[in-house]
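Colleague: Just to be clear, the model below is a prediction. Sequence and coordinates:
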Amino acid sequence: MIVCKFGGTSLCDAARFLRTAELLKKDARRRVAVPSAPGRRREGDEKITDLLLACHTCGASFAPVAERFRKIASELGFPGLLDGALGEIASELPRQSRDWTLSRGEYLSGKLLARLMGWKFLDAAQGVFFLPDGGCDMEKTRSALKAALPRDGGLVLPGFYGAAADGAVRTFPRGGSDITGAVAAAALGASLYENWTDVPGVFSADPRVVPEAQPIASLDYRELREISAMGAGVLQEEAVLPVREAGIPIVIRSTREPQAPGTLIHPFGSSSGQAVAGVAARRGFTPVMIEKTLLRADPAFARRALETLERFHVPLEHMLSGVDTLCLVVPEAALAPQKQAVVRALLDALDAETVEAGVPLALAAVVGGGMRGRSGVAARVLAALADAGLRVRMLDYGAGGRTLLFGVDDADCDDAVRAVFHGVLGESPFPAH
Ligand code: ASP
């Protein structure tokens, strides 16, 4: 059985609803659909969830939401289908919570899709349950979803919300239909979680930087984590955990190009064996260089450095150490407003000779589960950067063995990604194992 989640762009108008229904009907194993609320139809358009948020936060009119759903319903041949629900929502809005208000987009989307498919509709407040700490109550969710899944036919479960321990509607973070899909797949023991979105997978490099980049055919969960951490991911960690724990593969596919196979994410550390699957980079880091002779003689040195960052709420991105130096790489945005104070505090706490915040750095990750146990990957990456005339400011090939991380000047970020793509992934990629 396959659980399919459809993002907002896959349900933004009647034509996309029809295409989604067609996709669901194409494979009899697709028996659970998790819809988002309608998203943007074009640039500058509003997402239904944003319109609902405006209803709650600034008392904006509900009419544009109702109008959009009425239009979709009547174009699908069900005029009036949502009239009752829309009327109820309009009158409830003034006394309802933020989460209830935001969840109505998915609720209505689910009603429409269920009707279009002739499938059972399950209000997510009766199917997905939260624990008091905000996590998902998998046990309760599992029994509710198992009981609700019809023997024949399918089930539509709206994404993004469920019920809190006290029964009130509660939402996941924005974009949370991905989480509902993963929770449903794990709860029902699906063989596959299909995440249908508007991009045909995880790209081997950002296609805005490298137009030739293609979706990666397959990754394992760890590779996905590493490449997502550098901004290439299309799924949040919270949306991956339930299926990862249950050992269920995910495929990320696009409803705009349903013929494309997408990116398959396998569970069991069964790396695709690619030496290099992709490269991703993020700008906006600052290296904080700490110098102190014999710093290694002090076993508490690193702890005190990290405690100081913690005190200022500056997260640590990376840490490198040398004989008499420790380099803390931190997000520039967190450091900049309090740079002097943090430098001063580090000097004091560590009795350091110098502490210097360097010029902004971009970090790039070259990811591939097959890179360990192979020679030549670092050589190829460094040669590609050298050929492009780019200076490497930091290099870390240690942790995990499936990522080579390097830092370049912020301004060189895109050039570095292009150089690695063309030098390592492009023309003559490493052969698979
Ligand atoms: N509609 C919600 C949002 O816009 C949830 C989702 O689309 O996954 O954040």
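Modeller: That came through fine. Numbering: from 1, shown residues only.
Colleague: give me the number of residues near the closest residue to the ligand within the stretch 301-433 of the chain?
Modeller: Nearest to the ligand in the stretch 301-433 of the chain, going by CB to the nearest ligand atom, is residue 333, at a distance of 22.9 Å. Quick note: C-beta positions are derived from backbone N, CA and C, even for glycine. Number of residues near residue 333 (other CB atoms under 10 Å) recorded here: 11.
Colleague: so, in contact with the ligand or not, whichever helix in the chain runs longest?
Modeller: The residue-count maximum for a helix in the chain (DSSP state H) belongs to helix 98-117. Yes. Under the criterion of CB under 6 Å from any ligand atom, helix 98-117 makes contact with the ligand via residue 105.
Colleague: List the contacts of the helix or strand following that helix.
Modeller: Next along the chain after helix 98-117, taking DSSP states H and E as the criterion, comes strand 120-121. By CB atoms under 8 Å, 6 or more residues apart in numbering, the residues outside strand 120-121 that reach it are 110, 111, 114, 115, 148, 150, 153, 154, 155, 156.
Colleague: one more time with 10 Å
Modeller: Outside strand 120-121, the residues within contact range by CB atoms under 10 Å, 6 or more residues apart in numbering are 107, 110-115, 148-150, 153-158.
Colleague: now the helix or strand following that strand, how far from the chain's geometric center?
Modeller: Next along the chain after strand 120-121, taking DSSP H and E as the criterion, comes helix 138-148. Mean-position distance between helix 138-148 and its chain equals 25 Å (CA atoms, centre = their mean, to the nearest Å).
Colleague: Report the buried residues of helix 138-148.
Modeller: Using 16 or more other CB atoms under 10 Å as the test for burial, helix 138-148 gives 138, 140, 141, 142, 144, 145, 148.
Colleague: from the residues you listed, which single one is nearest residue 70?
Modeller: Nearest to residue 70 among those, counting by CB to CB, is residue 148 at 27.7 Å.
Colleague: Not including adjacent chain positions, what is the nearest residue to that closest one?
Modeller: Leaving aside its chain neighbours, residue 148 sits nearest to residue 122 (4.6 Å; criterion: CB to CB, 6 or more residues apart in numbering).
Colleague: Could you count how many residues lie near the one you found?
Modeller: Neighbour count of residue 122, defined by other CB under 10 Å: 22.
Colleague: What of the one 4 residues further on?
Modeller: A total of 14 residues lie near residue 126 under the criterion other CB under 10 Å.
Colleague: isn't residue 62 right next to residue 88, touching?
Modeller: No. Here residue 62 lies out of contact with residue 88, judged by CB atoms under 10 Å, at a distance of 11.2 Å.
Colleague: Return every residue with contacts to both of those two.
Modeller: With CB under 10 Å, 6+ apart as the test, residue 62 and residue 88 both reach residue 104.
Colleague: which one of those two has more residues nearby?
Modeller: A direct count of neighbours by other CB under 10 Å for residue 62 and residue 88 places residue 62 higher, at 19 against 11.
Colleague: roughly how far is the strand or helix carrying residue 420 from the heart of the chain?
Modeller: Per DSSP H and E: residue 420 is located in helix 413-420. Distance of helix 413-420 from the chain centroid (CA atoms, centre = their mean) equals 23 Å.
Colleague: List the buried residues in that helix.
Modeller: Quick answer for helix 413-420 (16+ other CB under 10 Å): 413, 414, 415, 416, 417, 418, 419, 420.
Colleague: Just the CA trace of the helix-or-strand element of the chain with minimal mean pLDDT, in PDB.
Modeller: Every helix and strand in the chain was compared by mean pLDDT, DSSP states H and E; the lowest is helix 221-229, with a mean of 87. What follows is helix 221-229, C-alpha atoms only, in PDB (Å, rounded to 0.1, in the frame of the first residue of the first chain):
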ATOM      1  CA  TYR A 221      18.400   8.500   4.600                       C
ATOM      2  CA  ARG A 222      21.800   9.600   5.800                       C
ATOM      3  CA  GLU A 223      22.800  11.100   2.500                       C
ATOM      4  CA  LEU A 224      19.500  13.000   2.500                       C
ATOM      5  CA  ARG A 225      20.200  14.400   5.900                       C
ATOM      6  CA  GLU A 226      23.600  15.600   4.900                       C
ATOM      7  CA  ILE A 227      22.500  17.200   1.700                       C
ATOM      8  CA  SER A 228      19.400  18.700   3.300                       C
ATOM      9  CA  ALA A 229      21.500  20.300   6.000                       C
END
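Colleague: For it, enumerate the helices and strands it packs against.
Modeller: strand 218-220, helix 241-246, strand 250-254, strand 263-266, strand 278-291, strand 361-367, strand 403-409 (3 or more CB pairs under 10 Å, 6 or more residues apart in numbering; DSSP states H and E).
Colleague: at 7 Å instead, please
Modeller: Contacts defined by 3 or more CB pairs under 7 Å, 6 or more residues apart in numbering; DSSP states H and E place helix 221-229 against strand 361-367.
Colleague: same question for the strand it packs on, mean pLDDT?
Modeller: Average pLDDT, strand 361-367: 95.
Colleague: Which residues outside it are in contact with it?
Modeller: Strand 361-367 is contacted from outside by 223, 226-227, 230, 276-283, 285-287, 317, 329, 381, 393-394, 402-408, 410, 412-413, 416-417, 420, 424, using CB atoms under 7 Å, 6 or more residues apart in numbering.
Colleague: Return the angle between stretch directions for it and helix 413-420.
Modeller: 30 degrees (axes from the mean of the first three to the mean of the last three CA atoms, to 10 degrees).
Colleague: returning to what we had before: pLDDT score for the residue of the stretch 301-433 of the chain closest to the ligand?
Modeller: pLDDT at residue 333 comes out at 96.
Colleague: Excluding chain neighbours, what is closest to residue 257?
Modeller: Leaving out its chain neighbours, the residue that sits closest to residue 257 by CB to CB, 6+ apart is residue 200, at 5.1 Å.
Colleague: The one you found: neighbour count?
Modeller: If we define neighbours as other CB under 10 Å, then residue 200 has 21 of them.
Colleague: so how far is residue 163 from it?
Modeller: 34 Å (CB to CB, to the nearest Å).
Colleague: now do residue 339
Modeller: Counting by CB to CB - residue 339 and residue 163 are separated by 45 Å.
Colleague: Show me which of the two is the more surrounded one.
Modeller: Counted by other CB under 10 Å, residue 339 and residue 163 do not tie: residue 163 has more neighbours, with 21 against 15.
Colleague: All set, thanks.
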